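In: build me a model:
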Amino acid sequence: MFKNFPVAPLAGAIAIACASTATFADQTDSQDVLVLDPIVVTASKIATKASDVPARITVISQDEIQKNPALNLNDLVKQEAALNAVQSGGLGQTTSIFTRGTNSNHTLVLKDGAALTEGINGKNNTELLDLSDVSQIEILKGPASVQYGSDAIGGVIQLLTDTPDRNSAFLTGLYGENNTYKAILGADLFQNGFYAQIRGQRLESDGSQVLNTQDENEKAAYDQKGHSAKVGYTQDNFNTSVSISENQGVNQYWDSTAGTNTAKRDFKNQLVNWLGQYQINDALKINARYSNYQDQATYIETYSYAYDSERNEGDINLNWTFSPTQNVLLGVSTQDTDVTYDYLDGEQSLGSTGYYLQHQYNGERVHTQAGIRLEDDDQFGQHTVGQVAGRFQIAPLTSIYANIGTAFKAPTAYQLYAAYYGNQDLDPEESVSYEIGLDQQFNYGLSVFASVYYTEVENLIGTNDAWQYVNIDDANMTGGELGLKWKNDQLFASAEYAYVKTEDESTGLELIRRPRQTLTLTAGYDDGTYGVNTSLVAHSDAKAQATENSIKVPGYATVDLNAFWNVNPNLKLFTNIQNIGDVKYKAVYSSTDTWYIDGGRQANVGVTVRY
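Out: As a prediction, the model looks like this:
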């Protein structure tokens, strides 16, 4: 149904958008309205104000990231109600992120445009990623295959690093429960357009129990260290940089055969990323990227095994701004992944090349985005996906948006080539998504938003009675989000509610690990010198198994607390209590009365010294 996106209607939409010259009166200013409007790049590969994007996008700032340096990406995205991060234990344990009810491998994780995807099962291994060099996290909800190809059916999470503009250095240290400590050392250098950024970090923890049936002293330790470096040169019409980030360590986990937390995963991931940008003239800009991502792991348990994947990517595009309000992005990207795994039939290679075209119109009150991509996959031939979206400022403080987009997910190496279970006749999963939304600002720093969406995934990959991978049927997700934000001087608060109902159309059952309802609340005070904030995350129950009379994952609620004191410009003291109530909630069903649980309470204190 969705294999070939209707090109003729899309071409017409692009032509109409290109011809559009509609303008509106200037937006009425309101001194009582506080608008936090960061610049984002994930939605279109072009720097755009978040309020102009015709989709729902969330930004996690550097200040939020640095509040608790012990947190990983999964902990941070839990504040986003549309995402469900399921972790099978505490620090370092396997994690799955479900965006708007889609599968965990339907969310693409990027770092400065490069995919952080291991080639075996298509996992992002977000529990093992370090954020020491990350300045902003962007969460795009909805399909993004036009921009990024495979894997972005549910959305995109992008980690962005910054460019130093002054000389500085810092040292952060913290100590917390479960004998957890982390140290981060960093330095930024800048002179005459040349810059360098260096980070080094180390985290160690005794960890926590993995299963609810274990004693609290049966812990699974986590030991991780890493470094990153970025060097570059920037001037008015030319920018280039090369960066390397590496993270390695060991985490213990439960060995089901031995019945203890003596199994170990020895892991290492490394990203090398080159970026280049040249402004040819006022209208033409060329952007290029090459990245190499390596992900390796050895699992040491009763039946030990290992994998090694290497992904090479290239992307080059031309941005033509042919009028003050319109631009066209024309690009080509390629990726090649080589994988070795003990349960694969020898070394395997997966690759594809994508050609994409995107048009944007950014008027005073009208913002449109339309695009098309032709993906030529080495295994599955050509597939066409597309997107049409628009945001309209219907009143000075009111905007609405709508979008429709298709996306796809190619089968993984394991699904295709695994011994006994692989199936080389699999077809890619394909999807179509519809979404409409409203953003309303009020006086006194208050704003609200609402979105509703429907996503249908065709050729959903599952397993048959013999545990072989097959395309089983379609699945759909229907849901929405409602949010409120308020800020008045030093006080702030926000609330977000998300609802999603999923269905496997072959059985009529809901998909597992998708709670129908999620509520997040945040409130706090921040005057720049002192700050304190608290947040709550609450999930309703969810199915634990894909059966009619399935056991349910119980609902739960957790509360976190952060406080800091900037003693002076060079010294910051902070403390965090993650999961104040020490709620040991059930996360993933194992067997009978045995569950994987979360890591419980994790409190820490720390200090940052800056120069």
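In: show the backbone phi and psi for residue 495.
Out: Main-chain torsions, residue 495, degrees, to the nearest 10: phi -150, psi 140.
In: tell me the contacts of it?
Out: The neighbourhood of residue 495, defined by C-beta atoms under 8 Å, 6 or more residues apart in numbering, consists of 483, 484, 519, 520, 521, 522. To be clear about C-beta, it is placed using only N, CA and C from the backbone, and glycine gets the same treatment.
In: and residue 294, by the same measure?
Out: 268, 269, 270, 271, 308, 309, 310, 311.
In: residue 347 - how many residues pack around it?
Out: 12 (other C-beta atoms under 10 Å).
In: and for residue 258?
Out: 11.
In: and it, which of the three is it?
Out: Using DSSP: H, G, I helix; E, B strand; the rest coil, the structure places residue 258 in coil.
In: contacts only, for it.
Out: 301, 302.
In: likewise for residue 159?
Out: Counted by C-beta under 8 Å, 6+ apart, residue 159 has contacts 73, 109, 110, 111, 112, 116, 129, 131, 134, 137.
In: what helix or strand is the residue lying closest to the fourth one once chain neighbours are set aside located in?
Out: If the residues on either side of it in the chain are set aside, residue 111 comes closest to residue 159, at 4.4 Å by C-beta to C-beta, 6 or more residues apart in numbering. Assigned by DSSP states H and E, residue 159 falls within strand 155-160.
In: can you give the distance of the helix or strand just after that strand from its chain's centre?
Out: Counting by DSSP H and E, the next helix or strand C-terminal to strand 155-160 is strand 168-176. Its chain's average C-alpha position is 25 Å from that of strand 168-176, according to C-alpha atoms, centre = their mean, to the nearest Å.
In: strands paired with the helix or strand just after strand 168-176, and their directions?
Out: Downstream of strand 168-176, the first helix or strand assigned by DSSP H and E is strand 180-191. In the sheet, strand 180-191 lines up against strand 168-176 (antiparallel), strand 194-208 (antiparallel) (DSSP bridges).
In: between these, which one is closest to residue 388.
Out: Comparing these against residue 388 with C-beta to C-beta, the closest turns out to be strand 194-208 (38.5 Å).
In: could I get the average pLDDT for the closest one?
Out: For strand 194-208, the mean pLDDT works out to 97.
In: next: stretch 436-456.
Out: On average, stretch 436-456 scores 97.
In: what about it, how long is it end to end?
Out: With C-alpha to C-alpha, to the nearest Å as the measure, the first residue of stretch 436-456 is 16 Å from its last.
In: ok, and for it, which residues are buried?
Out: Residues of stretch 436-456 classed as buried: 437, 439, 441, 445, 446, 447, 449, 450, 451, 453, 455, 456 (neighbour count, 16 or more other C-beta atoms under 10 Å).
In: show me which pair in these is furthest apart.
Out: The farthest-apart pair in the buried residues of stretch 436-456, when distances are taken by C-beta to C-beta, is 445 and 456, at 38.5 Å.
In: that older thread, please name the bridge partners of the residue nearest to residue 111.
Out: Counting by DSSP bridges, the residues bridging with residue 159 are residue 111, residue 137.
In: picking up where we left off before, out of the buried residues of stretch 436-456, which sit inside strands?
Out: 437, 439, 441, 446, 447, 449, 450, 451, 453, 455, 456 (DSSP state E).
In: tell me which of the residues you listed is nearest to residue 94?
Out: Distances from residue 94 to those, taken by C-beta to C-beta, are shortest for residue 455, at 24.9 Å.
In: that closest one contacts residue 474, doesn't it?
Out: No. With contact defined as C-beta atoms under 8 Å, residue 455 does not reach residue 474; the gap is 10.7 Å.
In: related to what we said a few turns ago, list only buried entries from the contacts of residue 495.
Out: Here, 16+ other C-beta under 10 Å leaves 483, 484, 520, 521, 522 buried among the contacts of residue 495.
In: what is the nearest of the residues you listed to residue 414?
Out: residue 520 (33.6 Å).
In: look at the closest one and tell me its secondary structure.
Out: Strictly by three-state DSSP, residue 520 counts as strand.
In: what's the pLDDT at it?
Out: At residue 520, pLDDT is 98.
In: that one against residue 534, yeah?
Out: No. Using C-beta under 8 Å, residue 520 is not in contact with residue 534; the gap is 11.7 Å.
In: hang on, the earlier thing: now render the contacts of residue 159 as a markdown table, adding distance to residue 348.
Out: Formatted as a markdown table, these follow (distance: C-beta to C-beta, whole Å):
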| residue | distance to residue 348 |
| --- | --- |
| 73 | 28 |
| 109 | 22 |
| 110 | 23 |
| 111 | 24 |
| 112 | 27 |
| 116 | 20 |
| 129 | 25 |
| 131 | 31 |
| 134 | 31 |
| 137 | 32 |
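In: farthest pair within those residues?
Out: Taking C-beta to C-beta, no two of the contacts of residue 159 sit farther apart than 73 and 112, at 14.8 Å.
In: between these two, who's got more neighbours?
Out: residue 73 (26 against 21).
In: how much space between the closest residue to that one other than its chain neighbours and residue 534?
Out: Leaving aside its chain neighbours, residue 73 sits nearest to residue 126 (4.5 Å; criterion: C-beta to C-beta, 6+ apart). As judged by C-beta to C-beta, to the nearest Å, residue 126 and residue 534 stand 24 Å apart.
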